[in-house]
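# task: produce atomic coordinates for the following.
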Amino acid sequence: MQEEDVFIILADDDEDDRLFFEEAFDELKINTKVATFNDGVELMNYLNKENSLLPNILFLDLNMPKKSGKQCLQEIKKEARFKDIAIAIYSTSASEEDIENTFVMGANVYIKKPNDFKQLKKVLSNVVTINWQYHTSGLNKDNFLLRL
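Predicted structure coming up:
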């Protein structure tokens, strides 16, 4: 597969979700480097540092304290230097309104958090192996919501 690690960031206030996320990547046979942040403020502080390594894929939980995933998404989309980051909304919400809003705001894919670890691994594997340039060039609402 690829030689270079895929750098992945997860911003999620739920400690268990962060742990499962990291464990899933540990078990997948994909070269990844995973960093996690507890909330949107922590995430944006990191991304806005001049010399910070930008992720290939950013998983954003919508409902976080201090700064929500939607607020982070808005800020990220305003910055030209973040244009190559693929953004996956990663939420327990399956609300049509959340899906619609994040699609319009420019997220690349919407994932409803799976309830089981096997499903989680499958979802994460799918997201990491997507050819993002191809996927986002033909992005429409039908392929925005990742269904398994």
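
# mind listing the strands for the chain?
In the chain, the strands defined using DSSP state E lie at 6-11, 32-37, 57-60, 86-91, 109-112.

# can I get these in CSV with mean neighbour count and mean pLDDT?
The way it works is simple: take the backbone N, C-alpha and C, and place the C-beta from them, glycine included. CSV is the format used below for those (neighbours: other Cβ atoms under 10 Å; pLDDT from 0 to 100):
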stretch, mean neighbour count, mean pLDDT
strand 6-11, 22, 95
strand 32-37, 18, 95
strand 57-60, 25, 95
strand 86-91, 24, 92
strand 109-112, 22, 90
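
# would CSV of the ones you listed with distance to N45 be doable?
Compiled in CSV, those are given as follows (distance: least, Cβ to Cβ, whole Å):
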stretch, distance to N45
strand 6-11, 11
strand 32-37, 9
strand 57-60, 14
strand 86-91, 18
strand 109-112, 24
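
# quick one: closest of those to I99.
Among those, strand 109-112 comes nearest to I99, with 5.2 Å by Cβ to Cβ.

# same for that closest one, what does it pack against?
The contact analysis (3 or more Cβ pairs under 8 Å, 6 or more residues apart in numbering; DSSP states H and E) places strand 109-112 against strand 86-91, helix 96-105, helix 117-129.

# picking up where we left off before, right, and the strands of the chain - which one's nearest T129?
For the strands of the chain, the distance to T129 is smallest for strand 6-11, at 9.2 Å, taking Cβ to Cβ.

# need the contact partners of the closest one.
With Cβ atoms under 8 Å, 6 or more residues apart in numbering as the test, strand 6-11 has contacts from 17-18, 21-22, 25, 30-40, 42-43, 46, 53-61, 64, 69, 72, 90, 128.
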